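Engineer: show me how the following folds:
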Amino acid sequence: MRPLLAVVPGAKAFMDGPDVFIYLPSLRLQVGDKNYTLDGLLAPNGVGGYASRLYLSQRIAEREQIAGQPANWTDRTVAGRVWYVWSWQGVPPSLPLLDMLGAHMVALK
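Structural biologist: Numbers count the residues shown, from 1 in each chain. Here you go, the predicted model:
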């Protein structure tokens, strides 16, 4: 968790039911020419058939397609808050948390 905290101060792990999440406050993303600062949730052990997932506090309108495929944005309520996630596979839970976050974020560039 220490390398992740160096990049996202205030990151903290919590459980929502059986699922583990890492809250990422004020996460900075670059999407094309636009910069975003929004909250994120990293699900390092996967949920819903995905090995790991990154949820965001808002949809990224510029990314209706990712890697040439429909992004298939969906929402999920976690800890009483609505989060948005896109269809993105192949980020293994064996990666260090910071690498896992980067592997999810690369889809949005």
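
Engineer: please count neighbours and contacts with C-alpha atoms only from this point.
Structural biologist: OK.

Engineer: distance of residue 88 relative to residue 99?
Structural biologist: 15 Å (CA to CA, to the nearest Å).

Engineer: where does the closest residue to residue 14 other than its chain neighbours sit, in terms of helix or strand?
Structural biologist: Nearest non-adjacent residue to residue 14, counting by CA to CA, 6 or more residues apart in numbering: residue 21, 5.5 Å away. Residue 21 belongs to strand 19-31 when elements are defined using DSSP states H and E.

Engineer: partner strands of that strand, parallel or antiparallel?
Structural biologist: Here strand 19-31 is paired, per DSSP bridges, with strand 12-16 (antiparallel), strand 34-43 (antiparallel).

Engineer: tell me what angle the longest helix seen in the chain forms with strand 34-43.
Structural biologist: Determined from DSSP state H, the single longest helix within the chain is helix 97-105. Helix 97-105 runs at 120 degrees relative to strand 34-43, counting by axes from the mean of the first three to the mean of the last three CA atoms, to 10 degrees.

Engineer: point to the residue nearest the middle of the protein.
Structural biologist: residue 54 (1.8 Å; CA atoms, centre = their mean).

Engineer: which one is that one nearest to, not counting chain neighbours?
Structural biologist: That would be residue 42: by CA to CA, 6+ apart, it lies 4.6 Å from residue 54.
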